[in-house]
Structures are given as structure tokens and as C-alpha cells.
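Engineer: Sequence plus the predicted model coming up.
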Amino acid sequence: MSLRTHAVRTALLPLALLVMASAANGAEVIRNATAGTPKIKSIDAIRFAPDGVLLIGDGPGAQLIAVDTGDVKAKPWKADAKTAKIDEKLAARIGVPAKGIEIRSMAVNPASQTAYFLIRKLDDKKTLLLTLDGSGEVGEFALENVKHVVIPLPKGEAAPVSRITDIAWMGDRVLIGAVASEEFASKVCSIPAPLDPKATALGFSTETYHVSHRKWETRAPMTSLVPFEANGKKYVVGAFACTPVVRYPLDDVQAGAKVKGESVIELGSGNQPRSMIAYEKDGKSFVLMNTFRFHHKNKPFGWSPYVTFRMESGLFGEGEKLNEKAISRLAGDKPATDKISIVAEYEGTIHLDKLDKDRALVVKEEKEGGLTLAALPLP
């Protein structure tokens with residue numbers, strides 16, 4: 001029987017720090033890599049670690065694959081870089097019309113600034129990886145004869161991981177949001193760095209207080225996550241549909257534990273988080289999160305159902321206003337705090353990742369139709 005681990009309700013002041021570790025910390029990313037073609041059942045999620053290492057989440061295969069892309073030569077983007085009809089440009093690379101593909105995910109390689117797109121062909125349902133660098137050149141990254149490491153994810157009490165929702169690099173580990181078909185279905189997996197075939201992934205289940213639902217839940221998946229560190233303590237902060245933002249402690253968590261999170265922010269019902277990025281600007285730390293608003297027709301926030309929120313990361317260190325008292329974006333129909341806002345310039349953003357310290361790269365729908373890839377200033 002797993003022990004239930006409770007997060008310690010202590011204030012995390014003075015300033016909470018979000019960690020998106022870079023190669024500057026000197027950490028080795030992968031070790032004892034094998035050259036060849038990894039066996040992948042399905043790609044659910046992609047993200048990058050430093051040094052051009054692509055992290056691939058294979059939910060049906062219950063595994064993480066770390067691939068040394070060798071893509072480490074920087075090709076910077078112009079300040080106002082923009083590519084109209086990005087779906088058409090990517091589709092043309094594989095000889096199909098834009099309506100024949102789905103852009104399932106996008107991840108920016110911090111070593112080269114090249115964008116990697118997880119593409120699903122709609123005719124044969126196959127997935128592949130296409131790239132676009134700062135010069136505008138489209139390429140394909142084939143997962144053949146590549147240096148890679150495969151790390152199995154731990155099985156739960158009743159079932160293995162069936163789907164991976166998000167991945168993040170934390171400097172000393174990789175964090176994975178996942179789902180399994182059991183009572184405590186929402187999972188977090190932590191894999192120590194350097195990523196090695198002999199590494200043991202630690203997995204734990206999460207229990208979350210959904211503020212808008214007014215109840216504790218164990219099945220709702222964490223659809224996006226970021227690492228978080230304050231006062232020497234490490235956490236993972238995850239976002240869920242309808243939209244609690246919740247922190248979970250990482251220190252001293254045992255394999256197989258059931259961890260009760262602490263909801264620190266409530267963004268309101270009707271939102272499906274898609275991705276989160278952390279950044280600093282003017283001496284403050286922020287998180288940018290884009291969402292799909294499935295209540296858009298009934299209560300629109302603008303012309304597009306894709307909405308982007310900016311949150312001050314200091315809110316993640318809240319010590320008193322937790323769970324049913326979590327800080328809400330709205331009090332009635334008015335903003336409850338100026339530390340959470342909707343970013344108008346990012347309206348329509350479907351995919352989002354950090355490009356450099358000042359910009360994000362986004363795939364966004366346009367009001368008049370079509371998809372655009374754009375480098376936007378971090379707000």
C-alpha cells in the first residue's frame with residue numbers, strides 16, 4: 001500500500017523561482033546512448049532538454065526516448081519573424097495539402113532555435129517530425145540511426161501509463177505528466193539526469209482539488225506542467241481542465257506514492273490548458289499558458305477559443321490561499337488580481353514554446369483564417 005504524501009503548507013517567500021534549466025549549469029543530459037532506430041508505438045508529446053536533446057513521450061509504449069539530434073548550431077530568427085500559412089508550408093514538405101495534416105505539437109530546440117513540429121498525416125494516421133529553422137528552411141527529422149536512450153516508465157498499482165500529456169526538463173531530472181487506467185489515473189514521473197538506459201523512473205499518483213468542481217479528483221490528467229523551485233525545495237506545477245493550477249512537492253516523494261497537491265490558482269471553468277513556459281522580465285518571473293476555451297461559444301473572451309494567460313510565478317508560492325481558497329482570476333466578472341491577465345497579443349495561439357529570453361514562438365490562428373508562425377515578445 002502506497003503512503004499518501006501531503007505537501008507542506010509553508011510560505012515559499014521571498015521570491016518564488018521557476019527553473020527552466022539550461023546547459024549553463026553544466027549538467028550532462030544523456031549517457032550511454034545507443035545508435036539505431038528507437039521502437040516507438042506512438043508519439044504523444046515532444047520537448048527539449050539542453051544540448052539539442054529531444055525528449056519524446058511514448059504513452060502507449062510507456063517510455064521516454066531521449067534523442068541526440070546533433071542540432072546545436074544556432075540559426076537565430078529575425079526580430080519580427082513571421083511565416084504565414086505555416087500549415088501549408090509544412091504540408092508541402094511531405095507532398096500533401098494543408099488539410100491533410102494536423103500539427104499536434106511544437107517544441108523549440110534552445111541550442112539552435114529550430115522549431116520541431118509533431119505532424120500527424122490524416123490519410124494514414126502516421127506521425128513524423130518536421131523542422132523549421134530561423135532561416136525559414138523546412139526539413140524532416142527522421143528517427144533512424146540516431147543516438148538515443150530509452151527509459152521505461154513505472155507501472156502503477158493496476159495499469160501502466162497509457163498516455164503522456166507533457167514533458168519538462170528541470171536540470172537534474174525530466175518531469176513527465178501521464179495518465180493510466182486506474183483509480184489514481186493522473187501520474188507524474190521523474191527521471192534523474194543524466195538520462196541513462198539504467199536510470200529508474202520514479203512515478204507517483206496525484207490527487208487534485210478542482211476549485212470550480214469543488215471536489216478532490218484523481219483521474220483528471222495534468223495537461224501541462226512546469227518545474228518550480230523556491231527556498232531550496234522543488235515542485236512540479238501542473239494545470240488541469242477547468243482550470244486549477246496546482247503544485248506538488250518533489251523532495252522526499254516515494255515511488256508509488258499518492259501525492260495530494262495544493263491548488264494555488266483558479267483560472268475558471270471551460271479552459272483546457274495546452275502548454276506552459278516560464279520566463280523572466282523586468283526582474284519578475286512569469287508563466288505563460290495557452291488554453292483552448294471549450295466554453296467559448298457561451299462565454300467568449302475574444303474572437304478565438306484559444307486564449308493565453310500570464311501569471312506571476314510568485315503566486316505559485318502561496319502559503320495560505322489554497323484549494324477552495326485558491327486565488328481566482330475573477331471575482332464575479334471583474335479581475336480579482338492584476339497578477340493574472342489575458343494577453344491580447346497572443347489570442348489565437350494554438351502552440352507555444354520559448355524561443356529565447358525575450359520571445360516566444362507561436363502557431364496561431366488568424367481572425368480572417370489560416371495559421372501563422374510568429375516570434376512574439378514575451379509580455
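Structural biologist: Yep, that arrived.

Engineer: Provide a list of residue ranges in the stretch 1-150 of the chain with pLDDT below threshold.
Structural biologist: The stretch 1-150 of the chain contains residues with pLDDT under 70 at 1-27.

Engineer: What distance do you get for residue 273 to residue 352?
Structural biologist: 11 Å (Cβ to Cβ, to the nearest Å). (C-beta placed from N, C-alpha, C; glycine too.)

Engineer: Torsion angles phi and psi at residue 325?
Structural biologist: Note on residue 325: its backbone torsions stand at phi -100, psi 10 [degrees, to the nearest 10].

Engineer: Check the one 3 residues further on too.
Structural biologist: Comment: the main-chain dihedrals of residue 328 come out as phi -100, psi 150, following degrees, to the nearest 10.

Engineer: residues touching it, list them.
Structural biologist: Shown in contact with residue 328 (Cβ atoms under 8 Å, 6 or more residues apart in numbering): 211, 265-268, 336.

Engineer: How about residue 283?
Structural biologist: Not one residue lies near residue 283 by Cβ under 8 Å, 6+ apart.

Engineer: Which pLDDT value goes with it?
Structural biologist: pLDDT for residue 283: 95.

Engineer: now do the one 5 residues further on
Structural biologist: At residue 288, the model reports a pLDDT of 98.

Engineer: What's opposite it in the beta bridge?
Structural biologist: Residue 288 has these beta-bridge partners by DSSP bridges: residue 277, residue 310.

Engineer: Residue 293 too?
Structural biologist: In this entry, residue 293 is beta-bridged to residue 271, by DSSP bridges.

Engineer: Roughly how far does it sit from residue 379?
Structural biologist: 19 Å.

Engineer: which one of these two has more residues nearby?
Structural biologist: residue 293 (21 against 15; other Cβ atoms under 10 Å).

Engineer: pretty sure that one is touching residue 308, no?
Structural biologist: No - contact between residue 293 and residue 308 fails when scored by Cβ atoms under 8 Å: they sit 10.7 Å apart.

Engineer: How about stretch 325-332, which residues are buried there?
Structural biologist: Within stretch 325-332, the residues scored as buried using 16 or more other Cβ atoms under 10 Å are 326-329.

Engineer: Going along the chain, name the strands of the stretch 51-200 of the chain.
Structural biologist: Counting by DSSP state E, counting those that start in this stretch, the segments of the stretch 51-200 of the chain that form strands are 53-58, 63-68, 82-84, 101-108, 115-121, 127-132, 138-141, 146-152, 161-169, 173-180, 186-192.

Engineer: Grab the nearest non-local neighbour of residue 76.
Structural biologist: residue 134 (5.1 Å; Cβ to Cβ, 6 or more residues apart in numbering).

Engineer: and what of residue 292?
Structural biologist: Of all residues beyond its chain neighbours, the one nearest residue 292 is residue 272 (4.5 Å), with distances taken as Cβ to Cβ, 6+ apart.

Engineer: Now do the contacts for that neighbour.
Structural biologist: Per Cβ under 8 Å, 6+ apart, neighbours of residue 272: 223, 241, 243, 291-294.

Engineer: Please tell me how far it sits from residue 293.
Structural biologist: Residue 272 is 8 Å from residue 293, by Cβ to Cβ.

Engineer: returning to what we had before: quick check: neighbours shared by residue 273 and residue 352?
Structural biologist: Common neighbours of residue 273 and residue 352 (Cβ under 8 Å, 6+ apart) are residue 290.

Engineer: circling back to that earlier point, report pLDDT for the residue nearest to residue 292.
Structural biologist: Value for residue 272, per-residue pLDDT: 96.

Engineer: what's the answer for residue 305, then?
Structural biologist: 97.

Engineer: can you check residue 360 too?
Structural biologist: pLDDT, residue 360: 98.

Engineer: count of residues packed around it?
Structural biologist: 24.

Engineer: Tell me which residues touch the closest residue to residue 375 other than its chain neighbours, please.
Structural biologist: Distance criterion Cβ to Cβ, 6+ apart; nearest residue to residue 375, sequence neighbours excluded, is residue 81 at 4.3 Å. Residues in contact with residue 81 (Cβ under 8 Å, 6+ apart) are 134, 373-375.

Engineer: tell me which of the residues you listed is nearest to residue 302?
Structural biologist: residue 374 (17.0 Å; Cβ to Cβ).

Engineer: Which strands or helices does the host helix or strand of that closest one pack on?
Structural biologist: Taking DSSP states H and E as the definition, residue 374 sits inside strand 371-377. In terms of contacts (3 or more Cβ pairs under 8 Å, 6 or more residues apart in numbering; DSSP states H and E), strand 371-377 is packed against strand 82-84, helix 86-93, strand 359-365.

Engineer: Out of these, which is the most enclosed?
Structural biologist: Of all the helices and strands packed on strand 371-377, strand 359-365 has the most neighbours on average by mean count of other Cβ atoms under 10 Å, namely a mean of 23.

Engineer: Report the distance from that strand to the chain centre.
Structural biologist: Distance of strand 359-365 from its chain centroid, counting by Cα atoms, centre = their mean, to the nearest Å, is 15 Å.

Engineer: and what of stretch 308-327?
Structural biologist: That offset, for stretch 308-327, works out to 18 Å (Cα atoms, centre = their mean).

Engineer: got it, and stretch 227-244?
Structural biologist: 12 Å.

Engineer: For beta bridges, what are the partners of residue 103?
Structural biologist: Beta-bridge pairing for residue 103 (DSSP bridges): residue 119.

Engineer: what's near enough to touch it?
Structural biologist: So, once contact is read as Cβ under 8 Å, 6+ apart, residue 103 ends up touching 86-87, 90, 117-119, 350-351, 363, 371.
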